[in-house]
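# following is a predicted model, sequence given first.
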Amino acid sequence: MHFSKTLAPRVGWWQWAERLSWTVAASCLLAWAVLVVSGAVGSRLELSRFEAMQARPQLEAARPDLSLWSPQRILAWHDTLTQPATPPLGILRIRRLGLEVPVLEGTDDWTLNRGAGHVGDTAMLGADGNAGIAGHRDGFFRVLKDIQRGDILELETLQAIGHYRVQRTWIVEPEDVSVLDPTDVPSMTLVTCYPFYFVGSAPQRFIVRAVRSDNNTMTRLD
């Protein structure tokens, strides 16, 4: 009788332990199945994204000519290469001046060290209106010191290529943002600090206004 009373609790404990083991095993099996299925779905998704990128390659610009850049700007540009960046909106080229620069969204310092920056609240690249593009005077946009009226700017986006002819250049105070006002014709306005070789924070802004010359249309890339 004493033996039966001692055995009964032990049998109940083993039953509880067995049920717990089966529950844990079932949970592990379910988790494994979820991982397998989600992994397969995820891999197919990434493969699809990769195939889409192959069909529609990202825009890339050649390594820039750093010969006119300041040493500090060269170091800053190299530093940006260690960090990922969003794909560029387009590529700006001025072939006579040897300029080829990616145009990224925004005008913060990191963006302008990496490339040129599309100014917010201005027309999108290639669209009608006035697209503002900013760049550092001691980096990508230092070549603008030699730009001339009539020079051709080439703008490539994922959808099309357009050509813009320089209409005029002028110098304004930093507070004069009217240069970015909308225009009646498709235009690009390049903005950089001035003078180009000023030591310290440059006091003025150098402006380049170019108007689309391809019969006011972009050539589509099919």
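Cool, the structure landed.

# and what about the residue nearest to the spatial centre of the chain, helix, strand or coil?
Nearest to the geometric centre of the chain sits residue 86, at 3.1 Å (CA atoms, centre = their mean). Secondary structure, DSSP: H, G, I helix; E, B strand; the rest coil: residue 86 is coil.

# which parts of this protein are strands?
Using DSSP state E, the strands found in the chain span residues 90-94, 99-105, 116-118, 130-134, 152-156, 160-172, 187-194, 204-212, 219-220.

# and those, which is most packed in?
For the strands of the chain, the largest average neighbour count (mean count of other CB atoms under 10 Å) is found in strand 116-118, namely a mean of 26. C-beta: built from backbone N, CA, C; applies to glycine.

# and the end-to-end length of stretch 193-200?
The first and last residues of stretch 193-200 sit 11 Å apart, counting by CA to CA, to the nearest Å.

# show me what counts as buried in that stretch.
193-194, 196 (16 or more other CB atoms under 10 Å).

# what number of residues are in the vicinity of residue 76?
Neighbourhood size, residue 76 [other CB atoms under 10 Å]: 19.

# and the pLDDT for it?
Looking at residue 76, its pLDDT is 94.

# with residue 157 instead?
pLDDT, read off for residue 157, is 92.

# now swap in residue 192 and tell me
In the predicted model, residue 192 carries a pLDDT score of 98.

# now it: closest residue in space, sequence neighbours ignored.
In space, and not counting its chain neighbours, residue 192 is closest to residue 141: 4.0 Å by CB to CB, 6 or more residues apart in numbering.

# cool, and residue 131?
Distances taken as CB to CB, 6+ apart place residue 123 nearest to residue 131, at 4.5 Å, with adjacent residues excluded.

# and for the one you found, the neighbour number?
Residue 123 has 20 nearby residues by other CB under 10 Å.

# what distance do you get for residue 131 to residue 104?
Noted for residue 131: a distance of 13 Å to residue 104, by CB to CB, to the nearest Å.

# which neighbours do the two share?
Any residue near both residue 131 and residue 104 by CB atoms under 8 Å, 6 or more residues apart in numbering counts here, and that gives residue 118.

# domain boundaries for this protein, per the record?
Here the domain parsing of the chain from automatic domain parsing is 1-57, 71-220.

# and the last one, how far apart are its ends?
What that stands for is domain 71-220. Length of domain 71-220, first residue to last, CA to CA: 39 Å.

# and the helices in the chain?
If DSSP state H is used as the criterion, the helices of the chain fall at 2-55, 71-80, 109-114.

# list the buried residues for the last one?
By neighbour count with 16+ other CB under 10 Å, helix 109-114 contains the buried residues 111-114.

# no further questions, thank you.
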